[in-house]
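Trainee: okay, structure incoming, though there's no sequence with it:
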């Protein structure tokens, strides 16, 4: 029988008593840390620092350390993101089982942005107890996270991510799993919906501290590729992302098939240390079914907010062809293998100023609503390319065509989505594993276009894009002041190009 990865909060009682799975996990972390050297690079593949280094490790100059062939191999910004991290978790779980002498131990998951349970947005108590003997606590987290404050509520991003239709894309439209690449890459630049938020948002908010203006005042482990695996919470966060992949598949199994007919994805393999010595090699095609790896999840149900969306499978107005609704507006039927057309673009856009970025549309007729008999409504996408910077708020809400002087809070129906900034610094630095081209994020804004059109406010000649920071505010402001390094990093986020596409 497959082992069950459990929800850490359903196993935590009202008194904050640790579930046994976390008691055992803490023991294993202690053992793994005992294998780390006092100084210098980790040597033992089963040690804590070595395991974390496989996700990422920095040299003294801040570049990716690849002095060991297994280090700095995490896959981000492409369709390898989900399968690589699934392999990474499976290999890590085997190492923990080895140290515990318990082949039945399974990694629990933390569903931090559950649209149905706001209470889970708080770090589980076992990770917040600041005791010398607690291996699950680290001061290298944000004051908000360790202080027991809830993460900002962006849980509707989970609903939007689950609504993304294709797993991957080679045409630049929005996808669940990321952009297609012929070869693995430490950062492939084009994130899928699930990788951005919830993935990146949780990383940055748990890792870093920000002041009330969005300036970075302290960086913690979860906030960087190179240190994220050092935080014991990292593994529970990624277990939940792995679970959401299966939730996405189960929501529409007829249409949401993985791209297993593409050898560039299906046959790609990665190596990880094996508890008995040597390495274990996984192919992407070997890890598409969690039960084939020996585990399943306690709960694979989709959020009620997703199931209730018009057009969602099983939701009101669900079309027979499995079209997915977003933002309360029914989406057109699924379209695979579409080639979008650029209908407008603007260059070098600061994303931290109050003024919107205005994209003039060269071919407004391409953004039609399908009024012609038998015509399908045109889909519209907003693509942010080459996003770079050294510091930023943890995320930015992206709004389309806000009325002059209005705030996004007054018009949630105009929200295109959120841009999380995890990986920003790494993606902006040119080195041996990344060209410094920055992040790319794509939003489908068809639903916003429809809302505006229904109100007679859709402008077929221009799209105005506004960016508003999401700012976590911990209740313990004194602790935040004490944690500040004193070296405030003002946000300097920019996009090389903001593009509007139609398909």
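Mentor: Yes, it's here. This is a predicted model, so every value here is computed, not measured.

Trainee: quick one: residues contacting residue 381.
Mentor: By C-beta atoms under 8 Å, 6 or more residues apart in numbering, the contact list for residue 381 reads 172-174, 340, 442-445, 500-503. All C-beta spots, glycine's among them, are computed from the backbone N, C-alpha and C.

Trainee: do residue 114 as well
Mentor: When the contact criterion is C-beta under 8 Å, 6+ apart, the partners of residue 114 are 120-121, 155, 158, 303.

Trainee: for those, which single residue is the most surrounded?
Mentor: residue 158 (26 neighbours; other C-beta atoms under 10 Å).

Trainee: you'd agree that residue is up against residue 112?
Mentor: No - counting by C-beta atoms under 8 Å, residue 158 does not reach residue 112; the two are 9.6 Å apart.

Trainee: give me the beta-bridge partners of residue 466?
Mentor: Beta-bridge partners recorded for residue 466 (DSSP bridges): residue 399.

Trainee: that one reaches residue 404, doesn't it?
Mentor: No - using C-beta under 8 Å, residue 466 is not in contact with residue 404; the gap is 10.5 Å.

Trainee: give me the more crowded residue out of the two.
Mentor: The residue with more neighbours, out of residue 466 and residue 404, is residue 466; 23 against 6, by other C-beta under 10 Å.

Trainee: which ones are touching that one?
Mentor: Counted by C-beta under 8 Å, 6+ apart, residue 466 has contacts 356-357, 398-400, 402, 408.

Trainee: still on that earlier bit, just the contacts of residue 381 now: which is nearest residue 65?
Mentor: Residue 65 has its nearest neighbour among those in residue 442, at 31.0 Å by C-beta to C-beta.

Trainee: thinking again about what came up before, which residues are in contact with each of residue 158 and residue 112?
Mentor: The contact sets of residue 158 and residue 112 overlap at residue 198 (C-beta under 8 Å, 6+ apart).

Trainee: run the chain-centre distance for stretch 1-12.
Mentor: Centroid displacement of stretch 1-12 relative to its chain, using C-alpha atoms, centre = their mean, to the nearest Å, is 22 Å.

Trainee: stretch 339-356 now?
Mentor: Distance, stretch centre to chain centre, for stretch 339-356: 22 Å (C-alpha atoms, centre = their mean).

Trainee: next: stretch 253-264.
Mentor: 21 Å.

Trainee: over to stretch 102-118?
Mentor: 16 Å.

Trainee: what residues sit buried inside it?
Mentor: By 16 or more other C-beta atoms under 10 Å, the buried positions in stretch 102-118 come out as 105-115.

Trainee: and if you look at stretch 17-28?
Mentor: Buried residues in stretch 17-28, counted by 16+ other C-beta under 10 Å: 18-19, 21-22, 24-26, 28.

Trainee: I'd like these as CSV, with pLDDT and distance to residue 168 appended.
Mentor: Formatted as CSV, those follow (pLDDT from 0 to 100; distance: C-beta to C-beta, whole Å):
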residue, pLDDT, distance to residue 168
18, 92, 39
19, 94, 36
21, 97, 33
22, 97, 34
24, 98, 36
25, 98, 33
26, 98, 37
28, 98, 34
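
Trainee: select from those residues every entry located in helices.
Mentor: In helices, defined here by DSSP state H, the members of these are 21-22, 24-26, 28.

Trainee: quick check, nearest of those residues to residue 474?
Mentor: residue 22 (23.7 Å).

Trainee: need the contact list for the closest residue to that closest one other than its chain neighbours.
Mentor: Closest residue to residue 22 apart from its sequence neighbours, by C-beta to C-beta, 6 or more residues apart in numbering: residue 126 at 4.6 Å. By C-beta under 8 Å, 6+ apart, the contact list for residue 126 reads 12, 16, 18-19, 22, 26, 134, 136.

Trainee: can you redo those residues as JSON lines with distance to residue 241?
Mentor: Shown next, in JSON lines, are the contacts of residue 126 (distance: C-beta to C-beta, whole Å):
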{"residue": "12", "distance to residue 241": "20"}
{"residue": "16", "distance to residue 241": "25"}
{"residue": "18", "distance to residue 241": "23"}
{"residue": "19", "distance to residue 241": "21"}
{"residue": "22", "distance to residue 241": "19"}
{"residue": "26", "distance to residue 241": "22"}
{"residue": "134", "distance to residue 241": "25"}
{"residue": "136", "distance to residue 241": "19"}
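
Trainee: and the residue nearest to residue 22, that one's in a helix?
Mentor: Yes - residue state for residue 126 (DSSP: H, G, I helix; E, B strand; the rest coil) corresponds to a helix.

Trainee: any idea how far residue 95 is from it?
Mentor: 20 Å (C-beta to C-beta, to the nearest Å).

Trainee: ok so, going back, tell me the two of the contacts of residue 466 that are most distant?
Mentor: Top of the distance list for these (C-beta to C-beta): 357 and 408, 14.4 Å.

Trainee: between these two, tell me which one has more neighbours.
Mentor: residue 357 (20 against 16).

Trainee: who's in contact with the more buried one?
Mentor: Residue 357 makes contact with 346, 349, 351, 464-467, 495, 498 under the criterion C-beta under 8 Å, 6+ apart.

Trainee: ok, the residues you listed vs residue 48, which is closest?
Mentor: Nearest to residue 48, judged by C-beta to C-beta, of these is residue 351 at 36.3 Å.

Trainee: isn't the closest one right up against residue 495?
Mentor: Yes - between residue 351 and residue 495 there is a contact under C-beta under 8 Å: 5.9 Å.

Trainee: pull out the buried residues from the helix or strand hosting residue 452.
Mentor: Per DSSP states H and E, residue 452 falls inside helix 446-454. Within helix 446-454, the residues that qualify as buried are 446-452, counting by 16+ other C-beta under 10 Å.

Trainee: packing partners for that helix?
Mentor: Under the contact definition 3 or more C-beta pairs under 8 Å, 6 or more residues apart in numbering; DSSP states H and E, helix 446-454 sits against strand 395-400.

Trainee: what residues does the strand it packs on touch?
Mentor: The list of residues contacting strand 395-400 from outside it, by C-beta under 8 Å, 6+ apart, reads 154, 197, 200-201, 204-205, 351, 382, 384, 408, 411, 414-421, 443, 445, 448-449, 452, 463-470, 493.

Trainee: show me where the stretch 301-450 of the chain has helices.
Mentor: 304-307, 424-428, 446-454 (DSSP state H, counting those that start in this stretch).

Trainee: looking at the contacts of residue 466, spot the one nearest residue 46.
Mentor: Of all these, residue 46 sits closest to residue 398, with 42.7 Å by C-beta to C-beta.

Trainee: in JSON lines, list the buried residues of helix 446-454 along with pLDDT and distance to residue 425.
Mentor: Converted to JSON lines, the buried residues of helix 446-454 look like this (pLDDT from 0 to 100; distance: C-beta to C-beta, whole Å):
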{"residue": "446", "pLDDT": "91", "distance to residue 425": "32"}
{"residue": "447", "pLDDT": "91", "distance to residue 425": "32"}
{"residue": "448", "pLDDT": "94", "distance to residue 425": "30"}
{"residue": "449", "pLDDT": "92", "distance to residue 425": "34"}
{"residue": "450", "pLDDT": "91", "distance to residue 425": "37"}
{"residue": "451", "pLDDT": "93", "distance to residue 425": "35"}
{"residue": "452", "pLDDT": "92", "distance to residue 425": "35"}
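
Trainee: and the strands in the stretch 251-400 of the chain?
Mentor: 269-273, 279-283, 295-297, 341-350, 357-360, 380-388, 395-400 (DSSP state E, counting those that start in this stretch).

Trainee: state the mean pLDDT of the third one.
Mentor: Strand 295-297 comes out with an average pLDDT of 98.
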